[in-house]
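**Q** Just to be clear, the model below is a prediction. Sequence and coordinates:
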Amino acid sequence: MIKTRLRLKVNGEDREVLAPVHHTLLEVLREELALPGTKHGCELGECGTCTVLVDGQPILSCLTLPIECEGREITTVEGLAADGALHPLQQAFAELGSAQCGYCIPGFLLTAAALLRERPKPTRSEIAEATGGNLCRCTGYLKIFEAIELAADRMSKRA
């Protein structure tokens with residue numbers, strides 16, 4: 001099996017990994033870097049479960065080769081919390097019970113984080129549009145949207 005040496009910046013840390021050349025970013029994050037928060041979903045780019053941020057923008061890690069991410073900042077759900085405190089989105093999701101099984105939640109959290117960075121006070125329709133590529137089989141999305149709105153409100157008051 002042919003492997004390649006990758007230098008990635010993940011959650012603020014420079015990481016070097018030797019990975020099979022055919023592995024996706026999703027596989028490298030989970031299998032080589034032991035970051036299981038990014039989930040395997042459809043592996044076709046249709047569900048959003050594997051969403052991570054690259055340079056602050058949501059991407060589907062199941063469709064991304066890790067070599068494309070060298071020299072760029074990768075953020076996984078493990079990188080949202082800071083200094084031992086949950087990100088406001090994580091806190092709001094927990095408080096409102098926005099996750100049932102939780103499998104899709106890392107993708108929603110990262111997509112929402114990117115949205116709130118660009119639009120600190122998004123409308124419900126902007127939230128729905130931004131998260132439209134993230135599928136959840138357990139909820140009706142209402143609690144997810146409410147958690148994003150709550151986090152946006154709290155974050156705008158801190159700014």
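**A** Ah, there it is.

**Q** and Thr4, what element?
**A** strand 3-10 (DSSP states H and E).

**Q** Now do that strand: which elements does it pack against?
**A** Secondary-structure packing of strand 3-10 (3 or more Cβ pairs under 8 Å, 6 or more residues apart in numbering; DSSP states H and E): strand 13-20, strand 73-75. Glycine gets a C-beta too; all of them are placed from N, C-alpha and C.

**Q** between it and strand 13-20, how many degrees?
**A** Counting by axes from the mean of the first three to the mean of the last three Cα atoms, to 10 degrees, strand 3-10 lies at 160 degrees to strand 13-20.

**Q** Can you give me the buried ones in strand 3-10?
**A** By neighbour count with 16 or more other Cβ atoms under 10 Å, strand 3-10 contains the buried residues Leu6, Leu8, Val10.

**Q** So what touches it?
**A** For strand 3-10, the external contacting residues (Cβ atoms under 8 Å, 6 or more residues apart in numbering) are 14-21, 28-29, 33, 35, 66-67, 69-76, 79.

**Q** so which of the buried residues of strand 3-10 comes closest to Cys138?
**A** Nearest to Cys138 among these is Val10, at 28.1 Å by Cβ to Cβ.

**Q** hmm, back to that, just the buried members of the contacts of strand 3-10?
**A** Taking 16+ other Cβ under 10 Å as the criterion, what is buried in the contacts of strand 3-10 is 15, 17, 19, 28-29, 33, 35, 66, 69, 74-76, 79.
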